[in-house]
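**Student:** here are the coordinates; sequence isn't available:
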């Protein structure tokens, strides 16, 4: 086995770009639908022109591209529509803006009502309380101006809403038209030659082999086993064999362009993260069966390397734009996993021991820090911090957790109060000292808008309520004819009996409620064995 097949030095890479044939998979092709027209033009006019005559699409790629093309094209429709209203917990939706406008209007009406009542209560000079009305009258005038501005604000919002809705309708219409008339697909036919489909019997033989390979996690494709059914489960393996057959026939090395970043294509590093090296098994199998070399590139890396070896002269700002569009798929998956963990109030940790849902999320977070030291993945670091993860605190900040609470409550059309009350008591209220006054005020306003009541930040205690229950039992001579403070669980009920027994045993708990009793009651309690100090 030649060690060189597992490495790619600069000289080998230069030869690969000068002589190799380029094969795109469907994930790379479909990513073009997420690019601006400017990026597509640069790719076709410079990169594809430089590679013309060496671009090839396997039959499996053509099949998957056609199958998923319409879904990918129309996917942005949902993203446009969600600008109006969304169940997501981030922000920037018009429905949330409307909620805050409603809150302003409601508070204005409440202030107006309170001032009216204040005036009525203090206007008569023949009884107390009496206050001169001048300042109240002046404030009423200020409030009128404010209410007029609310109407201006609401009118501006309606104009904004109508404008955005019109733009969205046009965007959706353009997307629908693109599914029937697609310039990108037509241009692909001009630049790429196409492979032939395997005969049915050949496909069955590959699937038989695939069963053995997947059972033993031999790449590629075994990561699709749980997500797909039938022939689709073996799509990557069919593609792989088609590429091998093509390289053997043409006797050319292959540049394989893919945005699939699963571990059954790429070698893993010591921490279970993707490296930039294809799986060693694939490199060896390709060399053994075709006699040729293969190397993998993501679509954004291909355009960069084309500049380096083919003098395609794609501008730096276009390359940067592609890289910004193409946050690595694997990093996006980790970001989604981090978002889910934070939304579930997980105690996320940036270390190699921390895992979430069986995945090494902590290792990925550490890897981002290490990349940042080399000025890499700074955009991913920014995304992580935008989600609310604080590397200094190693977890979600109280401010971020509370803002998520506010966003979700504001967006919830039918909020269940008991759920938000429990969330507030357990997560938000204990961190009040770490919150800004602005965030506290926002939460108060949204709470009042949704539940029509003031938001109190002290978590209500059940001590006094239980004391009342206890006193009720003490003076219920039918249930407690002896007039005792403590009898048995049958007479008192198991919950109250357990609560009272705990205070008999623990002096500290008893001391917290002594001020709820008269002196006579305290004497009775002491006579029954309760510590009264």
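**Tutor:** Nice, thanks for sending it over. The model shown is predicted, which means the values in this text are computed figures rather than measured ones.

**Student:** mind checking how far residue 496 is from residue 384?
**Tutor:** Counting by C-beta to C-beta, to the nearest Å, the gap from residue 496 to residue 384 is 50 Å. (Glycine included, C-beta is placed from N, CA and C.)

**Student:** Tell me how many other residues crowd the closest residue to residue 4 other than its chain neighbours.
**Tutor:** Distances taken as C-beta to C-beta, 6 or more residues apart in numbering put residue 12 closest to residue 4, at 7.5 Å, once the chain neighbours are dropped. Number of residues near residue 12 (other C-beta atoms under 10 Å) recorded here: 14.

**Student:** What strand or helix carries residue 12?
**Tutor:** Element membership for residue 12 (DSSP states H and E) is helix 10-19.

**Student:** So which of residue 496 and residue 384 has more stuff around it?
**Tutor:** Set residue 496 next to residue 384 and count neighbours by other C-beta under 10 Å: residue 384 wins out with 24 against 17.

**Student:** Surely that one touches residue 364?
**Tutor:** No. In this structure, residue 384 is not within contact of residue 364 by C-beta atoms under 8 Å, at 9.6 Å.

**Student:** can you give me the strands for this protein?
**Tutor:** 21-24, 55-57, 193-194, 254-257, 266-268, 274-278, 294-297, 389-390, 395-396 (DSSP state E).

**Student:** thinking again about what came up before, and the gap between the residue nearest to residue 4 and residue 109?
**Tutor:** From residue 12 to residue 109 the distance is 74 Å (C-beta to C-beta).

**Student:** Kindly report the same for residue 440.
**Tutor:** From residue 440 to residue 109 the distance is 23 Å (C-beta to C-beta).

**Student:** Between the two, which has more neighbouring residues?
**Tutor:** residue 440 (15 against 12).

**Student:** close enough to count as contact, the more buried one and residue 433?
**Tutor:** No. Applying C-beta under 8 Å as the test, residue 440 and residue 433 come out as separate, 10.5 Å apart.

**Student:** circling back: including distance to residue 312, mean neighbour count and mean pLDDT, could the strands of the chain go into CSV?
**Tutor:** Output for the strands of the chain, formatted as CSV (distance: least, C-beta to C-beta, whole Å; neighbours: other C-beta atoms under 10 Å; pLDDT from 0 to 100):
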stretch, distance to residue 312, mean neighbour count, mean pLDDT
strand 21-24, 13, 23, 95
strand 55-57, 14, 20, 95
strand 193-194, 21, 12, 92
strand 254-257, 14, 23, 95
strand 266-268, 25, 17, 82
strand 274-278, 21, 16, 77
strand 294-297, 14, 22, 94
strand 389-390, 38, 20, 77
strand 395-396, 44, 22, 56
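
**Student:** how about the helices of the stretch 401-533 of the chain, start to end?
**Tutor:** Taking DSSP state H, counting those that start in this stretch as the test, the helices found in the stretch 401-533 of the chain are 417-423, 437-451, 463-474, 489-492, 494-505, 507-511, 519-527.

**Student:** out of the ones you listed, deepest packed?
**Tutor:** helix 437-451 (a mean of 17; mean count of other C-beta atoms under 10 Å).

**Student:** Now do it: which elements does it pack against?
**Tutor:** helix 94-122, helix 398-411, helix 417-423 (3 or more C-beta pairs under 8 Å, 6 or more residues apart in numbering; DSSP states H and E).

**Student:** export the ones you listed to CSV and tack on mean pLDDT?
**Tutor:** Below are the helices and strands packed on helix 437-451 laid out as CSV (pLDDT from 0 to 100):
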stretch, mean pLDDT
helix 94-122, 85
helix 398-411, 82
helix 417-423, 82
